[in-house]
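[1] Sequence plus predicted model, see below.
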Amino acid sequence: MPGESTFADVLAANEEYAAEFPLAGLQARAAKGLAVLTCIDSRIEPLAMLGIRPGDAKILRNAGARVTDDVLRTLVLAHHLLGVDRAMVVAHTDCAMATGTEDDIHRAVQEAGGPEMRGVDFLFTRDQKATVRDDIERIRARPQLARLDVGGFLYDVGTGRVTRIC
Ligand SMILES: [Zn+2]
């Protein structure tokens, strides 16, 4: 198979994980009724930072922790079928989606050898807190999510602290 060695390290690690698999029998419903939307930033540990474990919460991630149509679709399913009754939107400090400008991101992609992507909106923001508030309002405006409790937060990648924005 092409690129067979590309995933060799993680598949080898999975052999060990599966050999002592600790999560057999876990239920698909979110045990703590929680959904967490956060950024893809690899400095963020969504479970550990909130003191939760596998099975407790639905974790959604995208660049910038933005409430996109797909996040809304997923929250509707999680709320009505998977036991979610509260949702956190957790942006973070030093996020690439809030550093510089949308043009900077396009330029950086090209400088890294990527293609021209003028048609792509990376959902860059200049004001993270205002954006989190707007995104929370997007969730609240969705009739299918009217009974979901939602809150906006900021995670500090330097201290690990989560503070509430709205
Ligand atoms: Zn980020």
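    Yep, it's here.

[2] Next, count neighbours for residue 88.
    If you count neighbours by other Cβ atoms under 10 Å, residue 88 ends up with 22. Using the backbone N, CA and C atoms, a C-beta is placed for each residue, glycine as well.

[3] what does residue 77 give?
    13.

[4] Can you point out the buried residues in stretch 141-149?
    Buried residues in stretch 141-149, counted by 16 or more other Cβ atoms under 10 Å: 142, 145, 148.

[5] wait, stretch 37-46
    Of all the residues in stretch 37-46, those buried under the rule 16+ other Cβ under 10 Å are 37-39, 41, 44, 46.

[6] do the same with stretch 71-90
    For stretch 71-90, the neighbour count (16+ other Cβ under 10 Å) marks 71-72, 74-76, 78-79, 82-84, 86-90 as buried.

[7] CA atoms only for that stretch - export them in PDB, please.
    Provided in PDB are the C-alpha atoms of stretch 71-90 (Å, rounded to 0.1, in the frame of the first residue of the first chain):
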ATOM      1  CA  VAL A  71     -21.000  22.100  14.200                       C
ATOM      2  CA  LEU A  72     -24.700  23.000  14.400                       C
ATOM      3  CA  ARG A  73     -25.700  19.800  12.600                       C
ATOM      4  CA  THR A  74     -23.600  17.800  15.000                       C
ATOM      5  CA  LEU A  75     -24.900  19.600  18.100                       C
ATOM      6  CA  VAL A  76     -28.500  19.000  17.000                       C
ATOM      7  CA  LEU A  77     -27.700  15.200  16.800                       C
ATOM      8  CA  ALA A  78     -25.800  15.200  20.100                       C
ATOM      9  CA  HIS A  79     -28.500  17.100  21.900                       C
ATOM     10  CA  HIS A  80     -31.400  15.100  20.700                       C
ATOM     11  CA  LEU A  81     -29.900  11.600  20.400                       C
ATOM     12  CA  LEU A  82     -26.700  11.400  22.500                       C
ATOM     13  CA  GLY A  83     -27.600  13.000  25.900                       C
ATOM     14  CA  VAL A  84     -26.000  16.400  25.400                       C
ATOM     15  CA  ASP A  85     -27.800  19.200  27.300                       C
ATOM     16  CA  ARG A  86     -24.900  21.700  27.700                       C
ATOM     17  CA  ALA A  87     -22.200  22.800  25.300                       C
ATOM     18  CA  MET A  88     -19.000  24.800  25.700                       C
ATOM     19  CA  VAL A  89     -17.300  26.800  22.900                       C
ATOM     20  CA  VAL A  90     -13.700  27.000  24.000                       C
END
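
[8] Quick one: mean pLDDT for it?
    Mean per-residue pLDDT for stretch 71-90: 98.
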